[in-house]
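[1] Predicted coordinates and the sequence they were generated for:
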Amino acid sequence: MIIADLSRIAGRTYPARRRTQNLVGGMSPIQATHFSMGNVTLEPNGGQVPWHNQEQEEIYFIVEGSGEMCLGDERIIVTSGQAVHIPSRVFHQLTNTGATPMRMIYCYGPAGDVAHWRQELDGTLPRAGIEAPPLPAGACPQTT
């Protein structure tokens, strides 16, 4: 039996002020063919999964906190206990708008790395309204 213990996974911190811990896929001891899964903690007051898209279909499940979810041309407030479906290739962004950390679980399929992780670390993430479609009206700005 292979177990990934969140308390023992250091994860990686990204410039947009979040920490991602792979539970399935990536650096996790658990590898799957059809999906990847992980825990993301967004820092208070603006920690973000910046505006990006990917080939994989994805779900964000908000574990604690609240924030702004942008998906295509939509913008809504999400809170703990809610799940958001992100279709393949649709640009999306999640921003912690609260004063406490926000945690979410992601699950996408098929398994594999997503380009936006490397792009953010390299400073090459497409910018909203320039190399990528604009964010919805009134949205928190892309931080990277």
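    Thanks, I have it. Numbering: from 1, shown residues only.

[2] In terms of pLDDT, where does residue 113 sit?
    On the pLDDT scale, residue 113 is placed at 81.

[3] The residue nearest to it when sequence neighbours are not counted: neighbouring residues, count only.
    Excluding the flanking residues, the one nearest residue 113 by CB to CB, 6 or more residues apart in numbering is residue 26, at 6.9 Å. All C-beta spots, glycine's among them, are computed from the backbone N, C-alpha and C. Residue 26 is flanked by 21 other residues according to other CB atoms under 10 Å.

[4] Same question for residue 141.
    The number of residues near residue 141, taken as other CB under 10 Å, comes to 13.

[5] Make residue 1 into 12 and carry on from there
    With 12 as the first residue, the last one maps to residue 152.

[6] Against residue 138, how distant is it?
    10 Å (CB to CB, to the nearest Å).

[7] Run through the neighbouring helices and strands of the helix or strand residue 33 falls within.
    In this assignment (DSSP states H and E), residue 33 forms part of strand 29-35. Packing contacts for strand 29-35, counted by 3 or more CB pairs under 8 Å, 6 or more residues apart in numbering; DSSP states H and E, involve strand 23-25, strand 47-53.

[8] Apart from its chain neighbours, what residue comes closest to the residue positioned nearest the centre of the chain?
    By CA atoms, centre = their mean, the chain has its centre lying nearest to residue 60, at 4.4 Å. Excluding the flanking residues, the one nearest residue 60 by CB to CB, 6+ apart is residue 105, at 4.4 Å.

[9] Same question for residue 126.
    Spatially, and ignoring its direct neighbours in sequence, residue 126 is nearest to residue 65 (6.6 Å; CB to CB, 6+ apart).

[10] The one you found against residue 127, yeah?
    Yes: with contact defined as CB atoms under 8 Å, residue 65 counts as touching residue 127 (6.6 Å).

[11] ok so, going back, count of residues packed around the residue nearest to residue 60?
    27.

[12] From residue 28, how far out is it?
    For residue 105, the distance to residue 28 - CB to CB - is 12 Å.
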